[in-house]
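Novice: mind looking at a prediction? Sequence and model below.
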Amino acid sequence: MEEATISQELFTINNLWVMIAAALVFIMHLGFACVEAGFVQKKNVVNILFKNTTIPAIGLLTYALMGFNLMYPGSDYAGGWFGFAGFGIGTDEAGLTSAYTDWGGYTYWTDFIFQGMFAATCATIVSGAVAERVKLIPFLIFTTLFVAIAYPITGMWKWGGGWLNELGFHDFAGSSLVHSVGGWGALAGAMLLGPRKGKYTENGVKPIPGHSMPLATIGVFLLWFGWYGFNGGSVLSADAPTVSLVFVTTSLGAAAGAITALFTAFFMFKSYDLSMVLNGILGGLVGITAGADVITPMESIIIGGIAGIIIPFAVVFFDKLKIDDPVGATSVHLVCGVWGTLAAGIFGEGKDVVAQLTGIAAIGVFSFAFAFIVFYILKLTTGIRVPDTEEERGLDITEHEMEAYKMF
Amino acid sequence: MEEATISQELFTINNLWVMIAAALVFIMHLGFACVEAGFVQKKNVVNILFKNTTIPAIGLLTYALMGFNLMYPGSDYAGGWFGFAGFGIGTDEAGLTSAYTDWGGYTYWTDFIFQGMFAATCATIVSGAVAERVKLIPFLIFTTLFVAIAYPITGMWKWGGGWLNELGFHDFAGSSLVHSVGGWGALAGAMLLGPRKGKYTENGVKPIPGHSMPLATIGVFLLWFGWYGFNGGSVLSADAPTVSLVFVTTSLGAAAGAITALFTAFFMFKSYDLSMVLNGILGGLVGITAGADVITPMESIIIGGIAGIIIPFAVVFFDKLKIDDPVGATSVHLVCGVWGTLAAGIFGEGKDVVAQLTGIAAIGVFSFAFAFIVFYILKLTTGIRVPDTEEERGLDITEHEMEAYKMF
Amino acid sequence: MEEATISQELFTINNLWVMIAAALVFIMHLGFACVEAGFVQKKNVVNILFKNTTIPAIGLLTYALMGFNLMYPGSDYAGGWFGFAGFGIGTDEAGLTSAYTDWGGYTYWTDFIFQGMFAATCATIVSGAVAERVKLIPFLIFTTLFVAIAYPITGMWKWGGGWLNELGFHDFAGSSLVHSVGGWGALAGAMLLGPRKGKYTENGVKPIPGHSMPLATIGVFLLWFGWYGFNGGSVLSADAPTVSLVFVTTSLGAAAGAITALFTAFFMFKSYDLSMVLNGILGGLVGITAGADVITPMESIIIGGIAGIIIPFAVVFFDKLKIDDPVGATSVHLVCGVWGTLAAGIFGEGKDVVAQLTGIAAIGVFSFAFAFIVFYILKLTTGIRVPDTEEERGLDITEHEMEAYKMF
């Protein structure tokens, strides 16, 4: 480690933490799998598990092939809006053993794996919103393009040193760059697919309950657990004051979201609604993500608490628009992602609301347009929705020839 | 970090480990949720998940509001029995970025989040014992008071530098301060609620099997996993010899509890009882917790092994008293918590059995009395038990208007 | 820490990482429990959970009693083929507090716990292959002998400094020493037991689907998660370039295995087979394990990708031989373990294919022979297979007098 500006010990600690954080972000993929599987009907469980198993695989491989080099084109290549450092990683021998000496924080490999784990999350967010009716292969084609191209481009605008970074836009761990990107993709997909059959009737919205609340609960806890890596690792070092502040704001944001969603849902629906508490936790986590490093613990309670209030209203709002999202992904990731990005401008010291709004809008326009166009082309060509008979029978039998459970 | 007595590197490592340990303790809440959900009947699963989801949220928020400052009143405030450093955390700017320099171990935020994760566990222990019949809102009121007031006060007696600490009482990671406190609350609740309908009949004890052994098994493994943070993080640094000893004693205690519970249950019930093995693991973990830092690996096998033998006897004992505990929380957390605290006095070098007995008794009297009084007042006012018809139909439908599973 | 050749800080970091890695390997036992439980029929779920709960307990205790000292006999005792440093660990006072000063990497306790977590995995691999028909107690006797004696002996040949190490055999984290050892045991057990009734009929192979794909999926994700400790911890330090390379190769190997298994299974079976994708991930992970530290990321995609192609062919192959393996353990752990060991010789710089083949053969002969003899003696004495009526009714009722689910 020639020219290191920090000791080998600090370098090793920082690198170790970011690697462990990557493993924690990985477990979020299991969290998503469980939440989405729990919230869909029994007849579509294998299908959603299949998606959530292949998405992180596709995400990691495409990120290695091109995503990483689109997102971090490096100083020689970076333009404000677009850059590309070439296909593949680790082609030169030096990369195998040498560490980043200019950053001092972690190795090239750690950089790749931490960012690679992030990349696949935005595609996973989409899978929940389009569940129970999307065709498998067109969806995986969408996933591949979204994670290989769209996510890294907006990611570069901020984290790769692009124009939003220059502007003073603040998005610590990705309320916008990850969650709202996924949420915009989810919105585009849900709009173009249309609602599940029987969801919106003349007599109003018909609830289609998920098949397993234990599975959904396991998923939410695993997501919360993984979020310590998602947010904590985004410090990009083990710096004690910052990482520990982030742990506190993340925890209190999630807790506040749970409690305010509980009460808001109770006043709206007159029942103690576990689904809303679970989505309140996720909303709190998404909300806290943009500013987790620049707010106080008490502010994190406010931001997470507002996210928890937003959730039930957002769910009702999308149902009003007849945009059918089986797991509430747009409410959680898009709406609370926007709220969190805004909140970082309102509460974060020295942050700029105008820059935040600019970033929200630019990322939203690009991500929604990209997803809409891809889904639209697929709709015109391969088709994106299964036939009504298949939707009726369930995708497990029609696409996978197996059932999720054999309980008899 | 002015005046630090250790290097920045060691400070960063220690802080990192205690943060990671906090995340591991967090996942214990999912462990509790799964164990308790698995051991209750299908008709009460949403209810127990609702409790186990809101309890950590309530725990973290009340600990931020007042619990932390009750438990660690600081040198200026601490009396031997009670102290309070004021409401809220992190009101001054310095707290946001500066690290504890007098301890040298970790930041103020890490201190809060690690202790905050502990706080909610004792309330979670109660929820298992009162499951399937307790009214939701009175229980959440109890939870709030127990975690905001009772847990921090006895915690201060030892960990906040109070009178038990002065006395030489040893409770490394909380066999008494966490597990027996929760266990005493569980006992008070189960006594005042009375047994589930149909549990104790003229023809003897009727087993009411849990609805999902896979869920219970997942929960126990997650608790064991989280215990590496619970015990390992209680070293409050990454000190290599101590933390690694704690990992070994914790592991062997759990393993021994599994095996002795297997054989004890076989000789008592003539079957290979998975529930008993699972509770034997938990008993071994609770038993090892008070002395994990001061015993040898071989002693940990003895302590965990005795805990595993205790479990089946304790389960039968509470059934004899007609104290109905659906998940065995009193056997695991109260009985093995007391055993573990005693064992730390018997085996731990230089430890004092009289101090251990004093601590066990004092913590027991206070925690049981507090829980009994709160539950009793609630019983007289709001009521604490659902009507028989609701118990019959199940709390999922009557309190939450939803079912845990839609398998058809 | 007298005579330490590294700073206290680096020692503490290295030790911390290996401890955390041990905890991650521990969670693999939950992963195995979930995969195996998910892939068996509902009537045998308690039985498989019972095995997977007691195996790590037996593994840790026997490793403390003798396994550790068989595997690492130390310089004074080591022969090339066999050595033993005596029964028990930590009998001398010094062991409690002093750290290894000659290795400089981690404490004696950390060494034990990391290796102890590995030991039980090979027995767990066997339990999947013999599921649904093996007698409980004979199987636990096999487990005890396999983990206490067979695993440590072949382990010593390489990791304990024995003859395979001298030969230049490379098995970084145990494609052979852990996975193929377990796989050979699985093969011996499955052969001697014979297939489940009704599996191989005159009309061909009858699929016996597992009872819960969500459970199997949870298991595979937890195994992948734990593999970051399994491979990452096998660096035996937190050395930044090596550990981060291992994280990348492990991740890309798993991802490639998922995708190639998806396509291979589609071309073979014309359906999108979730089981094959899940086993493709595991095959990729097993395949990458021997050489994870000496290959490039792009090579890891090739190695994992080939493992994913192997999986469906191996499953069909064992079915052709009428060797019935309910969870595919032999395909995943034995075949991909052999492939991974070979691949480390083909791709790993400076590695030797002949040494790899020698190691594969020697470990295979010893492990298979040991397992075959033990199972054979048990077959002749206690019997190893349950009566047909018990197999029909399911082991949960006949061996454990309980059911895994009460869903009504």
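Specialist: Thanks, I have it. Residues are numbered from 1 along each chain as shown, chains lettered A, B, ... in the order given.
Novice: going by C-alpha atoms from here, please, whenever you check contacts or count neighbours.
Specialist: Fine.
Novice: right, and the helix or strand after the helix or strand of chain A with the lowest mean pLDDT?
Specialist: The weakest-scoring helix or strand in chain A, judged by mean pLDDT, DSSP states H and E, is helix A:94-97 (a mean of 48). Downstream of helix A:94-97, the next assigned helix or strand under DSSP states H and E is helix A:108-129.
Novice: show me where the stretch 101-250 of chain A has its strands.
Specialist: With strands called from DSSP state E, counting those that start in this stretch, the stretch 101-250 of chain A shows them at A:200-201, A:204-205.
Novice: let's have these in JSON lines, adding mean neighbour count.
Specialist: As requested, those are arranged in JSON lines below (neighbours: other CA atoms under 10 Å in any protein chain shown):
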{"stretch": "strand A:200-201", "mean neighbour count": "13"}
{"stretch": "strand A:204-205", "mean neighbour count": "12"}
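Novice: save those as a markdown table, and put in distance to chain B too.
Specialist: Compiled in a markdown table, the strands of the stretch 101-250 of chain A are given as follows (distance: least, CA to the nearest CA, whole Å):
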| stretch | distance to chain B |
| --- | --- |
| strand A:200-201 | 20 |
| strand A:204-205 | 16 |
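Novice: output those strands as a markdown table; include the columns mean pLDDT and distance to chain C.
Specialist: What follows is the strands of the stretch 101-250 of chain A, written out as a markdown table (pLDDT from 0 to 100; distance: least, CA to the nearest CA, whole Å):
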| stretch | mean pLDDT | distance to chain C |
| --- | --- | --- |
| strand A:200-201 | 94 | 29 |
| strand A:204-205 | 92 | 29 |
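Novice: A:V18 is in contact with A:G233, correct?
Specialist: Yes. In this structure A:G233 lies within contact range of A:V18 using CA atoms under 8 Å: 5.2 Å.
Novice: neighbour count winner among the two?
Specialist: Neighbour tally, A:G233 and A:V18, criterion other CA atoms under 10 Å in any protein chain shown: the higher count belongs to A:V18, 28 against 25.
Novice: can you tell me the closest non-neighbouring residue to A:M213?
Specialist: Closest residue to A:M213 apart from its sequence neighbours, by CA to CA, 6 or more residues apart in numbering or on different chains: B:A404 at 5.0 Å.
Novice: list the contacts for that neighbour?
Specialist: B:A404 sits next to A:211-214, B:42-43, B:45-46, B:396 when contact means CA atoms under 8 Å, 6 or more residues apart in numbering or on different chains.
Novice: so for stretch A:307-323, what's the average pLDDT?
Specialist: The pLDDT scores in stretch A:307-323 average 97.
Novice: list the buried residues for that stretch?
Specialist: Residues of stretch A:307-323 classed as buried: A:307-315, A:318-319, A:322-323 (neighbour count, 16 or more other CA atoms under 10 Å in any protein chain shown).
Novice: pretty sure A:C34 is touching A:A216, no?
Specialist: Yes. A:C34 lies in contact with A:A216 (CA under 8 Å); the separation is 5.5 Å.
Novice: more neighbours, these two?
Specialist: Looking at A:C34 and A:A216 with other CA under 10 Å, you find the greater number of neighbours at A:C34, namely 31 against 28.
Novice: quick check: which element contains that one?
Specialist: Element membership for A:C34 (DSSP H and E) is helix A:8-39.
Novice: helix or strand right after that helix?
Specialist: Taking DSSP H and E, what comes next after helix A:8-39 is helix A:45-62.
Novice: is the next helix or strand after that next one up against chain C anywhere?
Specialist: Counting by DSSP H and E, the next helix or strand C-terminal to helix A:45-62 is helix A:68-71. No. Residues of helix A:68-71 contacting chain C under CA under 8 Å from any CA of the partner chain: none, with a closest distance of 13.0 Å.
Novice: tally of neighbours for the nearest residue to A:D239 once chain neighbours are set aside?
Specialist: Distance criterion CA to CA, 6+ apart; nearest residue to A:D239, sequence neighbours excluded, is B:T12 at 6.6 Å. Look at B:T12: counted by other CA under 10 Å, it has 28 neighbours.
Novice: contacting residues around B:T12?
Specialist: So B:T12 contacts A:10, A:13, A:238-240, B:106 (CA under 8 Å, 6+ apart).
Novice: who wins for most neighbours among the residues you listed?
Specialist: A:I13 (31 neighbours).
Novice: measure that residue to C:E9 for me?
Specialist: Relative to C:E9, A:I13 is positioned 9 Å away (CA to CA, to the nearest Å).
Novice: mutual contacts of those two, please.
Specialist: B:9, B:13.
Novice: which residues in the stretch 201-350 of chain A form helices?
Specialist: Assigned by DSSP state H, counting those that start in this stretch, the stretch 201-350 of chain A shows helices spanning A:213-232, A:240-269, A:274-289, A:297-320, A:329, A:336-347.
Novice: returning to what we had before: what is the nearest of the contacts of B:T12 to C:I363?
Specialist: Of all these, C:I363 sits closest to A:I13, with 36.9 Å by CA to CA.
Novice: surely the closest one meets A:A238?
Specialist: Yes. Contact criterion CA under 8 Å: A:I13 and A:A238 qualify, at 6.5 Å.
Novice: tell me the average confidence for the strand or helix carrying A:F370?
Specialist: For A:F370, the element it lies in under DSSP H and E is helix A:353-380. Confidence over helix A:353-380 (mean pLDDT, whole number) is 97.
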